[in-house]
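# Model the structure of this input:
(2 chains)
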Amino acid sequence: MIDFTFTEEQELFRKAAHEFAETQIAPLVPKMEETGRDWDPAIKALCDAEMMAITIPEEYGGLGLGYIERLIALEEIARVSVATAMMMQVGGLGIAPIINFGSEDQKKKYLPGLASGEHFATVAVTEPSGGSDPKGCSTTYKKQADQYILNGRKCFITNSHFADVQVVMAVDVDNPESFSTFIVEKSMKGFKATHEEHKVGMRGCNTGEIELKNCEVPAENLLSEEGKGMRVAMASISDTGRGGMVGCSLGLQQACLDAALKFANERILYGKPISKLQAIQMKFADMKIDLEAGRLLGYRAAAIQDAGGRSGNEFAVAKYYTAEAAQRAAKMAVDIHGGYGCMEEFVVTRYLRDSYVLGPSAGTSDIMKVIISRWVLS
Amino acid sequence: MLSIVVCVKAVPDLTLADKIRIDPDTKTLTRHDIPLVINPLDRNALEAALVIKENQEAQIIILSMGPPAAGNVVRECLALGADQGILLSDPAFAGADAFATALTLSKAIEKIEQVDSVFCGRASSDGATEWVGPELAIFLGLPVVTMVRKFDITAGNSWRVKADIEDGIRVVEVELPSVFTITHEVNTPRTLSFSGIIKSRKKEITTWGLNDLNVPEDQVGLKGSPTIVSSLTVIDSKRSCEIIEGTQEEKAAILINKLVAAGVL
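Prediction:
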């Protein structure tokens, strides 16, 4: 018999993440929404609560926990603020390649600071030409004495303006088939965070461009080996990136259900709460089915990963399903609110906007289908 | 080293209060599927102990009476920073009122080697009698300060505390060991942390049953409870909304008449 239950300790982790989200993050959301910035307090809260340390091994100052615990935390935080969960998820995406592919020296140098919150990470792969075709990467590197010189632009980079440790993929200027990844520090000569995006949703989540202009990266900051960069980037995106987006999507699904349920129990029509109307109940059933199915997909993929397997394909299924389900849930939540669903003081309008940013992050639904069909045909 | 016992009750999560029902036969709350949480004011009591521990050498012992499921609540207290847990769990303890609960807790405290102070939340969120702390002090033969809102602790064997009274605040200096019941004004409890949960893996929870305590069976649980709940009634509150039309003055006059007619004014 397969055991689908969380351990008592995992339930306690969920409670901890729930309390953290409710007390530390929820009060920050209005300001983040209003300005589209003001991410610093949320980042500080994430670091103080050791949320960035979850998957970092204990010997490097982390908590040594797994994908399941990370998914639990992201789900609970996204329930309150998808924007904050997104910054956390991409921070983890910057940490994963150092854990999985970093040298011992690189781990000792970067992981303790990333665990304590002294530093914050991100991954920079996407370019103006698109993120779904990483081989179209035009950011170049060139070995020059004891350093690499990077040139190019990365766009739609979450945490672009405050992450001081950025894992950047580039192509060999002399060999268009050779991709490599580098740990770039914000303070390195030639690195600059430039344009800040203003997204339709996840407001307060920093997204922007970085410019690498003759950026000087010490040779010891090459991650893995030269020419292995595509593997480093894709492995991290497929496991940690998609896994993280599942957490963001599940949290938003739950938030949509909670808000719609509260409204439907309070809104009186025809002399009774609208939750008594079958048309509304059908929507709740659809939202619940999506949530249950999404959790099974997501936590199963995380469990495979924690058991030592690879679940990039399973995470692709879960990412596709939960991102689509979150968009359906947000629309249903807005529909249940009727005219109030068009008013910004009702939180479901934020959920609808946030849901559309879930789609392209870590790969669009169409790209997920490409990956899944490749899995089927392999 | 100071040794503080914090009495903690596992109560139904009141954020799910609409799911709690009253059993008409037993006059007790039916709590199926409602998770147990730390009684909110006990969390203030634990936080007060944790703050003391941050400033001087101390150990915090969690003492709770309840079904085996209450062990999760004790574990949560350990994750928040308490050092060890004792769960009093035995079918014989079931159905205890405040009196029997205080007696049972006192027998457990007598078994603990060193106790310098006992902290209780002012009241539980389900029973809300506010009796357990004072009755515990009587059974232990210790002084009690109720409704503590501030501790002013210096090294030594006496503590100065501020405590609420009906029409003000009193300042009390009390010698240890003593019992304190604690209000929510005393602090804002810390939240659970992932590292706290991990650290609690090494902390032990001991379970004591009737045979571990020096108390006859007829003095604990329902048998030892002098309180009789004669009836419990669910108050059915129905809301209705009426829009009053007219000018501001007319609306105010109509509203006043309605409030007078309803007996509110």
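
# does the helix or strand harbouring B:Ser195 come close to chain A?
Counting by DSSP states H and E, the element that carries B:Ser195 is helix B:194-199. Yes: using Cβ under 8 Å from any Cβ of the partner chain, helix B:194-199 reaches chain A at B:194-198. Using the backbone N, CA and C atoms, a C-beta is placed for each residue, glycine as well.

# Check stretch B:11-18 too.
No: where contact is defined by Cβ under 8 Å from any Cβ, no part of stretch B:11-18 touches chain A; the two come within 9.1 Å at best.

# Quick check: end-to-end length of that stretch?
Between the start and the finish of stretch B:11-18 there is a gap of 15 Å, counting by Cα to Cα, to the nearest Å.

# and it, which residues are buried?
Within stretch B:11-18, the residues that qualify as buried are B:11-12, counting by 16 or more other Cβ atoms under 10 Å in any protein chain shown.

# tell me the contacts of A:Leu377?
If a contact means Cβ atoms under 8 Å, 6 or more residues apart in numbering or on different chains, then A:Leu377 has no contacts.

# Per-residue pLDDT of it, please?
The pLDDT attached to A:Leu377 in the predicted structure is 97.

# phi, psi of it?
Comment: the main-chain dihedrals of A:Leu377 come out as phi -80, psi -10, following degrees, to the nearest 10.

# rewinding a little: please check the residues of helix B:194-199 next to chain A and keep the buried ones.
Burial by neighbour count, 16+ other Cβ under 10 Å: within these this picks out B:194, B:196-198.

# Make CSV out of the residues you listed and add pLDDT.
Written out in CSV, the entries for those read as follows (pLDDT from 0 to 100):
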residue, pLDDT
B:Phe194, 96
B:Gly196, 96
B:Ile197, 97
B:Ile198, 97
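
# and those residues as TSV, adding distance to A:Tyr340?
Formatted as TSV, those follow (distance: Cβ to Cβ, whole Å):
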residue	distance to A:Tyr340
B:Phe194	37
B:Gly196	40
B:Ile197	39
B:Ile198	43
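
# Ramachandran angles for the residue in the stretch 151-300 of chain A positioned nearest to chain B?
In the stretch 151-300 of chain A, no residue comes nearer to chain B than A:Ile268, which is 8.0 Å away by Cβ to the nearest Cβ. Taking degrees, to the nearest 10, you get phi -100, psi 130 for the backbone angles of A:Ile268.

# which residues does it contact?
Taking Cβ under 8 Å, 6+ apart, we find A:Ile268 in contact with A:274, B:241.

# and chain B, which residues reach chain A?
For chain B, the residues in contact with chain A (Cβ under 8 Å from any Cβ) are B:72, B:75-76, B:79, B:191-198, B:201, B:241.

# thinking in terms of the whole chain, how far from its middle is stretch A:332-344?
27 Å (Cα atoms, centre = their mean, to the nearest Å).

# Alpha carbons of it, as PDB, please.
What follows is stretch A:332-344 as a C-alpha-only set of coordinates in PDB (Å, rounded to 0.1, in the frame of the first residue of the first chain):
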ATOM      1  CA  MET A 332     -13.900  30.500 -11.000                       C
ATOM      2  CA  ALA A 333     -13.200  32.500  -7.800                       C
ATOM      3  CA  VAL A 334     -13.700  35.800  -9.700                       C
ATOM      4  CA  ASP A 335     -16.900  34.400 -11.300                       C
ATOM      5  CA  ILE A 336     -18.300  33.400  -7.900                       C
ATOM      6  CA  HIS A 337     -17.700  37.000  -6.800                       C
ATOM      7  CA  GLY A 338     -19.900  38.300  -9.600                       C
ATOM      8  CA  GLY A 339     -19.600  42.100  -9.900                       C
ATOM      9  CA  TYR A 340     -17.400  42.200  -6.800                       C
ATOM     10  CA  GLY A 341     -14.900  40.100  -8.700                       C
ATOM     11  CA  CYS A 342     -14.100  43.100 -10.800                       C
ATOM     12  CA  MET A 343     -13.400  45.300  -7.800                       C
ATOM     13  CA  GLU A 344      -9.800  45.600  -6.700                       C
END
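
# so where's the longest helix in the chain?
Looking at chain A here, since you left the chain open. Taking DSSP state H as the assignment, the helix of chain A that covers the most residues is helix A:278-306.

# my bad, the chain I had in mind was chain B
Using DSSP H to assign secondary structure, the helix with the most residues in chain B is helix B:40-55.

# immediately after the helix holding B:Ser195, which helix or strand?
As assigned by DSSP H and E, the chain's next helix or strand after helix B:194-199 is strand B:205-208.

# Tell me which residues are up against the helix or strand just after that following strand.
Where DSSP H and E defines the elements, the next helix or strand beyond strand B:205-208 is helix B:248-261. Applying Cβ under 8 Å, 6+ apart, the set of residues contacting helix B:248-261 from outside is B:244-246, B:265.
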